[in-house]
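# Here is my input, please return the structure:
(one chain, ligands or ions: 2)
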Amino acid sequence: MRETAQSVWNNCLEFINDNIQPQAYKTWFEPIFAVKLNNNVLSIQVPSKFFYEWLEEHYVKILKVALSKELGENAKLVYIIKMENTYGNKQPFTEQIPSSNRSAVKAQNVDVPLENKSPQLRNPFVIPGIRNVKIESQLNPNYNFENFLEGDSNRLARNAGIAVANKPGGTSFNPLLIFGGVGLGKTHLVHAIGVNIKDKYPEKTVLYISAEKFTQQYIDSVKKNNRNDFIYFYQIIDVLIIDDVQFFSGKSGTQDVFFHIFNHLHQNGKQVILTSDKAPVDMQDIEQRLLSRFKWGLSAELQTPDFETRVSILKNKLYRDGVEMPDDIIEYVAKHIKTNVRELEGAIISLIAQSSFNKKEITISLAKEIVEKFVKNTKREVSIDYIQKVVSDYFQMDVEVLQSKTRKRHIVQARQLAMFFAKKFTKASLASIGSQIGKRDHATVLHACKTVDNLSSTDRQFRKFVEDLHKKLSV
Ligand code: ADP
Ligand code: MG
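Residues are numbered from 1 along each chain as shown. Ligands and ions are numbered 1, 2, ... in the order given. Next up, the predicted model:
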């Protein structure tokens, strides 16, 4: 049989899969595509430079073994990196030199010791006049990697953070942008990176600052006429961590000054770490040139943790606090608080407090009471089953009738309404909605949504159905 890139790569994968953790395999090998085979050279496409560096750092040996088995001792691997950072019609792919001469890949950054650069810095964090003060990192040592639990939801961001901590300024994740919703661990993670860097490289100047505080300092510096000192202060930092950069939106002066500081740091191989509540593409009122800088490195998302991760976060917290709690209570809390780790911790803390202050035993019903306080104002997502139930009740028919193949007009309409609301109120795809509502395809669902839109603007009776159902489903 003739060997193709695909067949060779599949054999490699089989070997690799047998030899590494399933989760690692899923994360680092499943996203790779075999692209071409040229004698003993296999080209594989990896999703980003980050991937390439990760593979090089952790899996180069096993890749080599696997490939040599397939293509002999002189086997070579070429990585093709899907470009992340270009817009428009630039060349979509770049080729990278293979694993063998890895030292050539990354430029080494030489760090000049701080003292030699400037003996008297003005430091906005210290009272003027005190000499020889070190810049305080403003890091919280309680936020570290050990107590930042790993799960599918944060694996990429956490591992990228570790990679950056190992070689600040020396990876392609510069800047490293961590984004995600509130309470998902952005601040914790960037502190952990900073704390870890300080441990490994005590001589490096690390600074954590919120975008809000940075903005305030900048405004003050303009008032006091020492904008240059402000800029200078930031330009001598080795690792600059700015939290919540969405705060810069609409503030063009701050964006401008940050742009200059960023460029200076980046050109000098210094590390920049940012967090934001949204991905760069969704950021508003941030200048294009700054957004494009944000995309130079790696943007890694923190997603909402799955159930297992929520349970381990809770258990870890309880363990560290030396508190014991029955598993069913922990699971109850983890099951009901889904979208925010801070709330998850808050609920468990209230539970401990309630039980110790009021000498109440921790029971499911106490847990229920407390959890309700936390989730009351967070909207719960309705399920497609629930929508079908509400719609069929409203039209006084059974769910089976709603799902049946019949073409009777009022049943068709009920089904279409169920599809319409499933689209509106859930994150399910058209295909998944279709399969759950009477095993229809995605085109049927799309058609249903359009029909409901049309009918509700032309038919008053129908509009009333939509409004009634909308009310029932949004409480
Ligand atoms: P954000 O900055 O994204 O709003 P924080 O970093 O303030 O979120 O995190 C909120 C709380 O959740 C913190 O107490 C943090 O320690 C905790 N937390 C978030 N993610 C994790 C995790 N993976 N493991 C342990 N604790 C976490
Ligand atoms: Mg935060």
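
# pLDDT below threshold where in the stretch 51-200 of the chain?
Residues of the stretch 51-200 of the chain that meet the criterion pLDDT under 70 lie in 82-134.

# residues contacting the residue in it that ligand 2 sits nearest to?
Nearest to ligand 2 in the stretch 51-200 of the chain, going by Cβ to the ion, is Thr187, at a distance of 3.3 Å. Where C-beta positions appear, they are placed from N, C-alpha and C, glycine not excepted. By Cβ atoms under 8 Å, 6 or more residues apart in numbering, Thr187 lies in contact with 143, 243, 275.

# quick one: the first one from Lys26, how far?
So the one you mean is Tyr143. Distance of Tyr143 to Lys26, computed by Cβ to Cβ, to the nearest Å: 28 Å.

# repeat for the last one
From Thr275 over to Lys26 the distance is 26 Å, taken as Cβ to Cβ.

# Give me the more crowded residue out of those two.
Thr275 (24 against 13; other Cβ atoms under 10 Å).

# Look up phi and psi at the more buried one.
phi -130, psi 160 (degrees, to the nearest 10).

# swap in the one 5 residues further on?
Pro280 has phi and psi values of phi -50, psi -40 when expressed as degrees, to the nearest 10.

# From what I see, it and Gly297 are in contact.
No: with contacts defined as Cβ atoms under 8 Å, Pro280 does not count as touching Gly297, sitting 10.6 Å away.

# Could you give the secondary structure assignment for whatever residue of the stretch 351-475 of the chain ends up closest to ligand 1?
Ligand 1 sits closest to Phe374 of the stretch 351-475 of the chain, with a gap of 13.5 Å, by Cβ to the nearest ligand atom. In three-state terms, and counting by DSSP: H, G, I helix; E, B strand; the rest coil, Phe374 is helix.

# How many residues are close by it?
Neighbours of Phe374 (other Cβ under 10 Å): 17.

# Neighbour count: Pro280 and Gly297, which is higher?
Neighbour count, other Cβ under 10 Å: between Pro280 and Gly297, Gly297 has more, with 25 against 18.

# Could you pick out the residues of this protein near ligand 1 for me?
147-149, 154, 180, 182-188, 313, 341-342, 345 (Cβ under 6 Å from any ligand atom).

# Tell me the one among those nearest to Asp321.
Glu345 (10.3 Å; Cβ to Cβ).

# show me the contacts for the closest one.
Contacts of Glu345 (Cβ under 8 Å, 6+ apart): 313-314, 317.

# at 6 Å instead, please
By Cβ atoms under 6 Å, 6 or more residues apart in numbering, Glu345 lies in contact with Lys317.

# same check, this time on Thr275
Taking Cβ under 6 Å, 6+ apart, one finds 178, 186, 190, 243-244 in contact with Thr275.

# before we move on, the earlier item: quick one: the contacts of Thr187 as CSV, columns for distance to Lys213 too.
What follows is these, written out as CSV (distance: Cβ to Cβ, whole Å):
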residue, distance to Lys213
Tyr143, 17
Asp243, 9
Thr275, 14
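
# for the protein, what spans make up the strands?
Remark: strands assigned in the chain by DSSP state E are 33-38, 41-46, 76-82, 93-96, 176-179, 206-210, 239-243, 271-276, 298-301.

# Redo those as CSV? Include distance to Lys450.
Shown next, in CSV, are the strands of the chain (distance: least, Cβ to Cβ, whole Å):
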stretch, distance to Lys450
strand 33-38, 36
strand 41-46, 38
strand 76-82, 35
strand 93-96, 39
strand 176-179, 34
strand 206-210, 46
strand 239-243, 44
strand 271-276, 36
strand 298-301, 32
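
# For the closest residue to ligand 2 within the stretch 301-450 of the chain, give me its contacts.
Here the stretch 301-450 of the chain gets closest to ligand 2 at one residue, Arg342, 8.9 Å apart by Cβ to the ion. For Arg342, the contacting residues are Gly183, by Cβ under 6 Å, 6+ apart.

# mind listing the helices for the stretch 351-475 of the chain?
Assignment of helices within the stretch 351-475 of the chain using DSSP state H, counting those that start in this stretch yields the ranges 364-375, 384-394, 399-403, 409-425, 430-436, 442-458, 460-474.

# Show me which of those has the highest average neighbour count.
Greatest average neighbour count among the helices of the stretch 351-475 of the chain goes to helix 409-425 (a mean of 21), per mean count of other Cβ atoms under 10 Å.

# and the angle for that helix with helix 460-474?
Using axes from the mean of the first three to the mean of the last three Cα atoms, to 10 degrees, the inter-axis angle of helix 409-425 relative to helix 460-474 is 40 degrees.

# For helix 409-425, give the mean pLDDT please.
What helix 409-425 shows for mean pLDDT is 94.

# same question, stretch 240-259
pLDDT averaged over stretch 240-259 gives 95.

# ok, and what's touching that stretch?
With contact meaning Cβ under 6 Å, 6+ apart, stretch 240-259 is reached by 187, 190, 194, 207-212, 215, 218, 272-277, 284-287, 290.

# Quick one: check it for contact with ligand 2.
No: residues of stretch 240-259 contacting ligand 2 under Cβ under 5 Å from the ion: none, with a closest distance of 5.8 Å.

# I'd like the distance between Tyr269 and ligand 2.
No, residue 269 isn't Tyr; it's Gly. Distance from Gly269 to ligand 2, counting by Cβ to the ion, to the nearest Å: 27 Å.

# Check Phe259 too.
Separation of Phe259 from ligand 2 (Cβ to the ion): 23 Å.

# what's the answer for Ala300, then?
With Cβ to the ion as the criterion, Ala300 and ligand 2 are 15 Å apart.

# tell me the contacts of that residue?
156-157, 160, 178.

# change it to 10 Å
By Cβ atoms under 10 Å, 6 or more residues apart in numbering, the residues touching Ala300 are 50, 154-161, 173, 176-180, 189.
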